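**Q** here is the input, now give the coordinates:
(one chain, ligands or ions: 1)
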Amino acid sequence: MSSRILVVYFSRSGSTARVASYLADELGADLDAIEEPRSRAGIGGYLRSAFEAVAKGLPTIHTRRDPRDYDLVVLGTPVWGGTMASPVRSYIHEHSASLAKTAFFVVMGGRGGDDTVREMQMACGVGTRPSCVFRQEEVEHDRDLARCEDFIQRIHGGAIGKASPARAVG
Ligand SMILES: Cc1cc2nc3c(=O)[nH]c(=O)nc-3n(C[C@H](O)[C@H](O)[C@H](O)COP(=O)(O)O)c2cc1C
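**A** Model prediction:
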């Protein structure tokens, strides 16, 4: 029987959502957006987002699906201030016990992607997991997203170990 996979993401301006949707299609996975009661639109939303990222804030979030119902979670975030977006930090905070079998993707303007992956792994209490870092400018077209084929293969191929924290599986 094939694994049940959940792709979960937060996106303020659409690029992480685009990658998440592509990955869910390719993986045959369910898709869940992290949503918030309060809008992050405009300059006020931008500044609040930047502040929360640096302060490691934990805003209130809502999701529709329960990661405990899945064999594997693929978690995606934009890079904010060199780290994960605060709603994704909230998600990990709420569900860390269910995130041992997780892969990660991040979308950035230009810097901080690898550090963000490392921080997400640490926050989930896991070792190295499959990950993929995108620049915002390269997620506009499906042909650009096709470069994450290796990432998809590693997820499909079971390159994600069972729940042993700090065990590097590449
Ligand atoms: C508050 C804030 C902080 C950001 N900080 C960074 C950063 O440190 N490094 C970077 O490469 N991009 C940064 N960006 C750009 C986003 O990572 C990039 O635009 C990303 O594609 C947004 O994803 P989204 O469209 O899914 O919201 C930042 C964006 C916001 C809103």
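**Q** the lowest-mean-pLDDT helix or strand in the chain close to the ligand?
**A** Here the helix or strand of the chain ranked lowest by mean pLDDT, DSSP states H and E is helix 142-145, holding a mean of 77. No - Helix 142-145 lies out of reach of the ligand by Cβ under 6 Å from any ligand atom, never closer than 13.0 Å. The way it works is simple: take the backbone N, C-alpha and C, and place the C-beta from them, glycine included.
**Q** other SSEs contacting that helix?
**A** Contact here means 3 or more Cβ pairs under 8 Å, 6 or more residues apart in numbering; DSSP states H and E; on that basis helix 142-145 packs against helix 15-27.
**Q** what comes up buried for the first helix or strand past the helix it packs on going along the chain?
**A** Using DSSP states H and E, the helix or strand that follows helix 15-27 towards the C-terminus is strand 30-33. Neighbour counts over strand 30-33 (16 or more other Cβ atoms under 10 Å) mark 31-33 as buried.
**Q** do stretch 62-79 as well
**A** 63, 67, 70, 72-79.
**Q** now the following helix or strand past the least confident helix or strand of the chain: mean pLDDT?
**A** Using DSSP H and E, the helix or strand that follows helix 142-145 in sequence is helix 149-156. Mean pLDDT, computed over helix 149-156, is 92.
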